[in-house]
Each structure stands twice: as C-alpha cells, then as structure tokens.
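1. Show me how the following folds:
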Amino acid sequence: MIYVDADACPVKAEAEAVATRHKVRLALVCNGGLRPSSNPLIEVIYVPDGPDEADKWIADRAGPGDVVVTGDIPLASKCVEAGAQVVKHDGEALTVANIGQVLATRDLMADLRAADPFRQGGGKAFSKADRSRFRDGLERALRRAAG
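-> Below is the predicted model:
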C-alpha cells in the first residue's frame, strides 16, 4: 500500500501513475478538496479538519511493506520507526540511517526562522527534474517494501 499525505502534495499524479503501473493500492489522505478517482487502485481518504489529522491517520496504519509519501518530517520519522519506506516529494528516501539528522535539521531551521522574523523563504520552485527524481525514488521504495 502507498499512503500519500495529500494536502499540498505536488506529486499526486506521479504517485498515481507509479501505483497503477505496479498495480499497488494508493491512499490519498487529506482534509478535503480532492475529487474521488475513477482508478480502482486509488482511494481518497477524507480525515477531519484539524492540524495533523492526515498525519495521525497515516501513522496509525503504515508499517512494513508500505510506502509513505510525505514532506512532513515528524510523520516520516513515525513511519520509518514503524518499518515503512518513506519518500519525500523530491524522491529522497528517509530511512533509519538518515531520519535523525533530517529531523534535527528541520528543528534547527525552525529555531532559526523563529529567531529572525525577517528571514525570507529560501524555497525553490518544484521542477520537472524534482518530479522525475520522485518517480525514481518511489520506484526504489516500492522495490524495498516488496523485498
């Protein structure tokens, strides 16, 4: 099963294409705003409105053999701990070996932003290359989950 933290996820279409090619079920978990898919492998799960409701739903279900697509690092950490394969939107795999460092960096950056209210953005536009890396990363994660 592939679980996608679908609120503000830029790679839903790519995840659906990979899931369809591999004939793997995919759950798009969101607070709303997504239309149901006509693809029988795709299920849209609507969770109650509120902070982290989609994250909680995914974290309660993901485990060995599953793949989770998220940019939310605390959710990724819980899913890695539960034995799931985790892929960020740019295709980066989050694993037991790197999740601690990624979580620490996230916390450091949050502290830096809080300390400097004038600090601006720093993000870059999501590119075709990012989408391609995501597809490759999801393919690798599915192979690891199946193995």
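2. can you tell me the average pLDDT over stretch 102-111?
-> In this model, stretch 102-111 carries a mean pLDDT of 70.
3. I meant stretch 29-48, not that one.
-> Computed over stretch 29-48, the average pLDDT equals 93.
4. Can you show me the strands along this structure?
-> 2-5, 26-30, 42-46, 67-69, 85-87, 93-94 (DSSP state E).
5. and the ones you listed, which is most packed in?
-> strand 67-69 (a mean of 29; mean count of other C-beta atoms under 10 Å). Backbone N, C-alpha and C define where each C-beta goes, glycine included.
6. List the contacts of stretch 71-82.
-> 5, 9, 52, 55, 58-59, 62-64, 66, 68, 70, 86, 88-89, 94-96, 99, 102-103, 106 (C-beta atoms under 8 Å, 6 or more residues apart in numbering).
7. want to try a markdown table for the strands of the chain, with distance to residue 142 as columns?
-> Formatted as a markdown table, those follow (distance: least, C-beta to C-beta, whole Å):
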| stretch | distance to residue 142 |
| --- | --- |
| strand 2-5 | 8 |
| strand 26-30 | 11 |
| strand 42-46 | 15 |
| strand 67-69 | 6 |
| strand 85-87 | 8 |
| strand 93-94 | 12 |
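8. and of those strands, who's closest to residue 143?
-> Evaluated over those, closeness to residue 143 peaks at strand 85-87, with 9.1 Å, by C-beta to C-beta.
9. Other residues contacting that closest one?
-> 66-70, 76, 79-80, 93-95, 99, 134, 137-138, 141-142, 144-145.
10. Out of these, name the ones that lie in helices.
-> 76, 79, 80, 99, 134, 137, 138, 141, 142, 144, 145 (DSSP state H).
11. And the furthest pair within those?
-> 99 and 142 (19.1 Å).
12. circling back: got a ChimeraX select line for the buried ones in the contacts of strand 85-87?
-> Selecting only the buried entries of the contacts of strand 85-87 in ChimeraX, with 16 or more other C-beta atoms under 10 Å as the criterion:
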select :66,67,68,69,70,76,79,80,93,94,99,134,137,138,141,142,145
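13. possible to save the ones in helices among the contacts of strand 85-87 as CSV with distance to residue 118?
-> Output for the ones in helices among the contacts of strand 85-87, formatted as CSV (distance: C-beta to C-beta, whole Å):
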residue, distance to residue 118
76, 29
79, 35
80, 34
99, 31
134, 32
137, 34
138, 37
141, 38
142, 43
144, 42
145, 43
